[in-house]
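# Sequence and computational prediction follow.
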Amino acid sequence: MILHVVPLDEWSAAPGLPYAPPSLAAEGFVHCSADEASALSIADAHYREVPGPLLVLRIDESALAAEVRWEGTGDVLFPHVYGPVERAAVTEVLAVRRDAEGRALGLTPRM
């Protein structure tokens, strides 16, 4: 399983289509994380100022049609999905709990 951080509005934009965030068009891949701690760090570093609910998608990489490459620098590698994410590959959607300043505190099941 790999994880992807996404604002609710972005995830909800095209419910019947595979998920294709702006990074796919701009960089050629969807940024993902290997574990919850990394996903929370990314949420904290890159999404603190984003208003509204923030989600983490748990993705079964074996259910993706697109290639997943583990890339990075040195010993730190991140999974990158080189194509859209089929919604059927998303096994769970979690909510990011944030404090008043937008810091990511943890993940909770989304109701």
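Here it is on my side, so go on. As the structure is a computational prediction, the values presented were derived from the model and not from experiment. Numbers count the residues shown, from 1 in each chain.

# For the rest of this, base every contact and every neighbour count on C-alpha atoms.
Noted.

# Tyr19 is in contact with Pro84, correct?
Yes: between Pro84 and Tyr19 there is a contact under CA atoms under 8 Å: 5.5 Å.

# Against His80, how distant is Asp44?
19 Å (CA to CA, to the nearest Å).

# So which of the two has more stuff around it?
His80 (22 against 17; other CA atoms under 10 Å).

# What strands line up against the host helix or strand of that one, and which way round?
According to DSSP states H and E, His80 maps onto strand 76-81. Here strand 76-81 is paired, per DSSP bridges, with strand 30-31 (antiparallel), strand 68-73 (antiparallel).

# Going by neighbour count, list what's buried in that strand.
Phe78, Pro79, His80, Val81 (16 or more other CA atoms under 10 Å).

# Report all helices and strands that the top strand by length along the chain contacts.
The longest strand of the chain (DSSP state E) is strand 90-98. Strand 90-98 sits against strand 54-59, strand 104-109, with contacts defined as 3 or more CA pairs under 8 Å, 6 or more residues apart in numbering; DSSP states H and E.

# what angle do that strand and strand 104-109 make?
Inter-element angle recorded for strand 90-98 and strand 104-109: 140 degrees (by axes from the mean of the first three to the mean of the last three CA atoms, to 10 degrees).

# ok, residues contacting strand 90-98?
40, 53-60, 104-110 (CA atoms under 8 Å, 6 or more residues apart in numbering).

# Show me which of those are buried.
Applying 16+ other CA under 10 Å to those flags Leu40, Leu54, Leu55, Val56, Leu57, Arg58, Ile59, Asp60, Ala104, Leu107 as buried.

# quick one on the thing from earlier: can you say which of the strands paired with strand 76-81 is nearest to Asp99?
Across the strands paired with strand 76-81, Asp99 has its closest neighbour in strand 30-31 (24.0 Å, CA to CA).

# How far away from the center of its chain is that closest one?
Mean-position distance between strand 30-31 and its chain equals 7 Å (CA atoms, centre = their mean, to the nearest Å).

# cool, stretch 60-70 as well?
That offset, for stretch 60-70, works out to 13 Å (CA atoms, centre = their mean).

# I am finished for the moment; much appreciated.
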